[in-house]
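Engineer: Let's see this in three dimensions:
(one chain, ligands or ions: 2)
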Amino acid sequence: MNIESIFLLNFRNYSEQYIELDPGINIFYGENAQGKTNVIEAVYLLTMGKSHRTNKYNEMVKWDKNDSRICIKFNKDDFDYNIDFVLKRNQKKQIKVNGVRLDKLSDILGKLNTVIFSPDHMKIIKEGPSERRRFIDSILSQTKPKYYYNFTQYLKVLAQRNVLLCNEKNDGIIEKTLDIWDHQLIEYGSRIIKDRQIFVESIDNKAWKINKELSGGREDFHLKYMPSIAYGKHEITDIKNAFEKRLTEARASDMRRKLTQYGPHRDELNLFINDKEVRNYGSQGQQRSVLLSLKLSEMEYIKDETGSTPVLLLDDVFSELDKLRQGFLISFIKNVQVIITCTDYENLYLGDKSTYKIFNVRSGKVYNK
Ligand SMILES: Nc1ncnc2c1ncn2[C@@H]1O[C@H](COP(=O)(O)OP(=O)(O)OP(=O)(O)O)[C@@H](O)[C@H]1O
Ligand SMILES: [Mg+2]
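Structural biologist: Ligands and ions are numbered 1, 2, ... in the order given. Okay, the predicted model is just below:
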């Protein structure tokens, strides 16, 4: 996967900007608040259909304008793509891929593949389970359109079930309607659980290998998926049965508490180094290595699933890594296109990577160095 060019029109602090990227490393350097992350945000927006830092699309339109546009040309498996994303204030997004209009925003998923890594991702390690679920969900949504569908349907059903549980009238009609919602919750939820299970097994192996090397062979890093429903085998029917059993057992207490206590929205993903939980016992350095291992295994996973290497977006992280980890990362990403943002590129370790391009970003303009 290789991004050839990015065109920004009235996007954040950019008026009109055309950027031609190198197939190797691309370094965007500049002082704070100049527009470096905005470039990364634009690429992420065309990967996921949404920003990595806001849910409000209007925020991305330049303050004094009403329409914004991002065009990205890229090559994937010897095929040229052109995504044209038009963002108008308070209006439906208009997206075209190679001139053909997409019906739904979510149809953009799976076209442009990227892995984003910013200091904010430390939350995956340090914070609560929702950050780790988000980590899984965003990767699976990018690689499996069906997962994204099941996931959004699940959330809708869950919201409706919770509204019903808040209903004050406790009569038979509520119980009957709950049966209907439960049935759907089980259908969508079980598929989510199954996909997450397979995903975690696959990424566990990759991350273990990477972290082993990063730690000089000293550490065994493992990910453990802890679904809120206990089930024996991977078969979808086993998961469905276990989910149904759990919902039935918990129904009275769900009704008392007015919420749904079991299901994929309550799953946990635990991270361990040598059998100790990284969140509680890992040193700063170990936590950083674990995050790097997770992000690099995310790259490998996307490559395995889609057949092409995703573009790596490193927002303010590369310069924060020590020489050892910078060197490791550079050797790992030999044939990967990378976008790096930093305030100063002088001290970056780029190894013998021959192709790279340096851009200077100053008040919403990108200059070739
Ligand atoms: N909708 C918008 N319209 C115009 N300017 C905007 C808009 N949204 C953000 N900005 C401006 O964009 C700039 C921030 O850009 P960005 O986050 O890319 O900075 P950065 O170069 O990554 O900085 P840092 O090094 O601090 O991370 C700020 O000056 C901000 O005021
Ligand atoms: Mg930034």
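Engineer: only C-alpha atoms for contact and neighbour calcs from this point on.
Structural biologist: OK.
Engineer: Now do the closest residue to ligand 1 within the stretch 201-350 of the chain against residue 115, distance only.
Structural biologist: Residue nearest to ligand 1 within the stretch 201-350 of the chain: residue 343 (6.2 Å; CA to the nearest ligand atom). Separation of residue 343 from residue 115 (CA to CA, to the nearest Å): 21 Å.
Engineer: go on, residue 146?
Structural biologist: Taking CA to CA, one finds residue 146 at 20 Å from residue 115.
Engineer: Compare those two and say which is more crowded by neighbours.
Structural biologist: residue 115 (20 against 12; other CA atoms under 10 Å).
Engineer: Okay, and that one sits in which element?
Structural biologist: strand 114-117 (DSSP states H and E).
Engineer: which residues sit in contact with the residue of the stretch 201-350 of the chain closest to ligand 1?
Structural biologist: When contacts are counted by CA atoms under 8 Å, 6 or more residues apart in numbering, residue 343 touches 29-32, 316.
Engineer: for residue 219, what are its contacts?
Structural biologist: Residue 219 neighbours (CA under 8 Å, 6+ apart): 211-212, 273-274.
Engineer: Could you pull up phi and psi at the residue minimising distance to the centre of the chain?
Structural biologist: Centroid-nearest residue in the chain: residue 138, 3.6 Å away (criterion: CA atoms, centre = their mean). Main-chain dihedrals, residue 138, degrees, to the nearest 10: phi -70, psi -30.
Engineer: go on, the one 4 residues further on?
Structural biologist: Here is the backbone geometry of residue 142 (degrees, to the nearest 10): phi -70, psi -30.
Engineer: So it versus residue 348, what's the distance?
Structural biologist: Residue 142 is 30 Å from residue 348, by CA to CA.
Engineer: So between the two, which is more surrounded?
Structural biologist: Shown here are residue 142 and residue 348; by other CA under 10 Å, residue 142 has more neighbours (22 against 17).
Engineer: Partner strands of the strand holding residue 115 and their direction?
Structural biologist: Strand 114-117 pairs in its sheet with strand 311-315 (parallel), by DSSP bridges.
Engineer: what sits against residue 304?
Structural biologist: Per CA under 8 Å, 6+ apart, neighbours of residue 304: none.
Engineer: Distance of it relative to residue 310?
Structural biologist: With distances taken as CA to CA, residue 304 is found 10 Å from residue 310.
Engineer: again, but for residue 348
Structural biologist: According to CA to CA, residue 348 and residue 310 sit 22 Å apart.
Engineer: Ok, residue 105 next?
Structural biologist: 20 Å.
Engineer: who's more crowded, the two?
Structural biologist: It is residue 310, of residue 105 and residue 310, that has more neighbours when counted by other CA under 10 Å, with 25 against 16.
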